[in-house]
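A.B. asks: Sequence plus the predicted model coming up.
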Amino acid sequence: MQKINVVVLAAGKGTRMFSSLPKVLHKLAGRSLLQHVLDTAGQLTNTTTQIVIGHGAELVRQSVGSQKVNFVVQEQQLGTAHAVHQALPALDQQALALVLYGDVPLVLTSTLEKLINAADNNSMAVLTCKVADPTGLGRIVRNSNGDISAIVEHKDATAAQKAINEINTGMMAIPVERLLQWLPRIKTNNAQGEYYLTDIVELALADGCRVHTSVCDDEQEVAGINNRLQLAELERHYQQREAKKLLLAGVTLRDPSRFDLRGKLTAGQDVEIDINVILTGEVSLGSNVSIGANCELRNCQVGSGTVIAANSVIEDAVIGKHCSIGPFARIRPGTEMADESKVGNFVEIKKSKIGRHSKVNHLSYIGDSELGIDVNIGAGTITCNYDGVNKFKTILGDNVFIGSNTALVAPVTVASGATVGAGSVITKDVAEKQLAIARGRQSNFDGWVRPQKLPKKP
């Protein structure tokens, strides 16, 4: 099997982004542009990856984290050939170099596989694409036989060459052994005064090496990003591509143009997703899950038959089957909802377990708590779990009933079958089947006169 040395060029500043962040670290669908490229290249077999970095090098290193890649620093950005040249010492001379770009995020693995298959030890391959508007892009010049004869950058092209709509994407598959021969021979006699990697085509042909092309049909797939307008355009293209996949897999999207996937979604049958839903990270939805408008789900599992009403947020949580959430509910990290439990409108749950059939219907905060089976939480109930330094737990047994407007001051346990009267502040444990009431005595005063406003001066 041919060994592939992936070389990702990621040294540019991205001046037209008008940002202190390196261009390749700007995000599309929740991942950096560079990470999209690395994820795609990571699906190829028998590869090693070199990332050529320069501007914001340390930030780029940090973004990659513990992924298995090597870094090569390009101290001066003198062109694409110069960038690849920096990586040469780290490449295997028996391998095929696959040159990719950190600001071209949407290329597919299947497209790269076709490009790789078009090259071998005695030939190189260039990925091309026919586009509606080739302005600013390198043109593919072919001879009378239809074979590639040169790649000409837009600034160096004649009027006739500028009329060509087949462009160079920049992505190439080149034998490393040949790179060693050609890169030192590249000159800077061009409008930019840079070392162009595209000049390799002319050198290859001069040395009798075949130059093949692999054509990509989708110009958005190979589009590079130079400004925020292009970033926004590719974001929409990506989202439409992912929405199409989900629709064809049986997921109902009420409006595919108002759907955002910023991670990975796995879904069962008959899932329905309303408008403006954002799914981030790893999200798993069982069958017959319904998600209302304007919801955000991040790194969560949702069991079959669960209904999530509009304007709810769920993050790093596990939701059981046939649950009901929202509207306007917030489920924070560490929450587990058992089957058939309910969290209603304007309720916040944090790092808590909600037992089967238990209900927190409205206007409540439950944090660092464990609720048993069939617990009922009245409106306005809060768990006072934080003393300013430490967090404490509240434990409610099975069949506990908490009246409205109750404050449960943790650490505290209310045992199974107990009832807490509305308006109570519970600071001590409540035993099984006890009634706990903790509120001030009511006093009524006859003849009390309500304060009156003074008449306004004329």
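C.D. replies: Sure thing, it's come through. Bear in mind the structure is a predicted one, so any value in this text is a computation, not a measurement.
A.B. asks: Let me see the ranges of the helices in the stretch 51-200 of the chain.
C.D. replies: 57-64, 80-87, 109-117, 159-162, 176-182, 200-206 (DSSP state H, counting those that start in this stretch).
A.B. asks: Of all those helices, which one is nearest residue 41?
C.D. replies: helix 109-117 (7.2 Å; Cβ to Cβ). Using the backbone N, CA and C atoms, a C-beta is placed for each residue, glycine as well.
A.B. asks: that older thread, would you mind giving the helices of the stretch 51-200 of the chain as JSON lines with distance to residue 359, mean pLDDT and mean neighbour count added?
C.D. replies: As requested, those are exported to JSON lines (distance: least, Cβ to Cβ, whole Å; pLDDT from 0 to 100; neighbours: other Cβ atoms under 10 Å):
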{"stretch": "helix 57-64", "distance to residue 359": "43", "mean pLDDT": "97", "mean neighbour count": "16"}
{"stretch": "helix 80-87", "distance to residue 359": "60", "mean pLDDT": "96", "mean neighbour count": "23"}
{"stretch": "helix 109-117", "distance to residue 359": "47", "mean pLDDT": "97", "mean neighbour count": "17"}
{"stretch": "helix 159-162", "distance to residue 359": "68", "mean pLDDT": "94", "mean neighbour count": "11"}
{"stretch": "helix 176-182", "distance to residue 359": "65", "mean pLDDT": "96", "mean neighbour count": "19"}
{"stretch": "helix 200-206", "distance to residue 359": "68", "mean pLDDT": "93", "mean neighbour count": "19"}
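A.B. asks: Just send the ones you listed back as TSV, with distance to residue 324 too.
C.D. replies: TSV is the format used below for the helices of the stretch 51-200 of the chain (distance: least, Cβ to Cβ, whole Å):
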stretch	distance to residue 324
helix 57-64	39
helix 80-87	55
helix 109-117	40
helix 159-162	61
helix 176-182	59
helix 200-206	61
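A.B. asks: can you map out the strands along the stretch 201-350 of the chain?
C.D. replies: 210-216, 252-253, 259-267, 272-273, 277-285, 290-291, 296-302, 307-308, 313-315, 318-319, 324-325, 330-331, 336-337, 342-350 (DSSP state E, counting those that start in this stretch).
A.B. asks: Put together a markdown table for those strands, with mean pLDDT on each row.
C.D. replies: Shown next, in a markdown table, are these (pLDDT from 0 to 100):
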| stretch | mean pLDDT |
| --- | --- |
| strand 210-216 | 95 |
| strand 252-253 | 98 |
| strand 259-267 | 97 |
| strand 272-273 | 98 |
| strand 277-285 | 98 |
| strand 290-291 | 98 |
| strand 296-302 | 98 |
| strand 307-308 | 98 |
| strand 313-315 | 98 |
| strand 318-319 | 98 |
| strand 324-325 | 98 |
| strand 330-331 | 98 |
| strand 336-337 | 98 |
| strand 342-350 | 98 |
